[in-house]
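Undergrad: for reference, the sequence and a predicted model appear below.
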Amino acid sequence: MLFRVGMTCGGCEKAVRAVLNNTKGVQAIDIDLPSQQVAVSGTCSKEEVLSAIQKTGKTVVFLK
């Protein structure tokens, strides 16, 4: 699953990574800060990932 997340710095990336690491079913996270894209793989649903990222206060959009 690929998401666009409004991240502007390393702190933003760290916050997103932290909430995803604590989300059940997330197995791998790949964050590309310059393109503001987050790739997530695992058994969780896109809704669960969206909800987790929204907890950081960042804007998030499901891409594919």
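TA: Great, that's in hand.

Undergrad: flag every buried residue along the longest helix seen in the chain.
TA: For the chain, the longest helix by residue count, based on DSSP state H, is helix 10-21. Within helix 10-21, the residues scored as buried using 16 or more other C-beta atoms under 10 Å are 12, 13, 15, 16, 19, 20. Every C-beta, even on glycine, is put in place using the N, C-alpha and C of the backbone.

Undergrad: the third one against residue 53, yeah?
TA: So that's residue 15. No. Look at residue 15 against residue 53 with C-beta atoms under 8 Å: they stay out of range, at 9.2 Å.

Undergrad: ok so, going back, make TSV from the buried residues of helix 10-21 and add distance to residue 47 and pLDDT to it.
TA: Output for those, formatted as TSV (distance: C-beta to C-beta, whole Å; pLDDT from 0 to 100):
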residue	distance to residue 47	pLDDT
12	22	96
13	22	96
15	20	97
16	16	97
19	14	97
20	14	97
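
Undergrad: rewinding a little: let me know the next secondary structure element after the longest helix of the chain.
TA: strand 26-32 (DSSP states H and E).

Undergrad: then the helix or strand just after that next one to PDB, C-alphas only?
TA: Downstream of strand 26-32, the first helix or strand assigned by DSSP H and E is strand 37-42. Output in PDB follows, covering the C-alpha atoms of strand 37-42 (Å, rounded to 0.1, in the frame of the first residue of the first chain):
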ATOM      1  CA  GLN A  37       5.500   8.800   0.300                       C
ATOM      2  CA  VAL A  38       5.100   5.900   2.700                       C
ATOM      3  CA  ALA A  39       4.900   2.300   1.500                       C
ATOM      4  CA  VAL A  40       3.400  -0.200   4.000                       C
ATOM      5  CA  SER A  41       3.200  -3.900   3.700                       C
ATOM      6  CA  GLY A  42       1.500  -6.400   6.000                       C
END
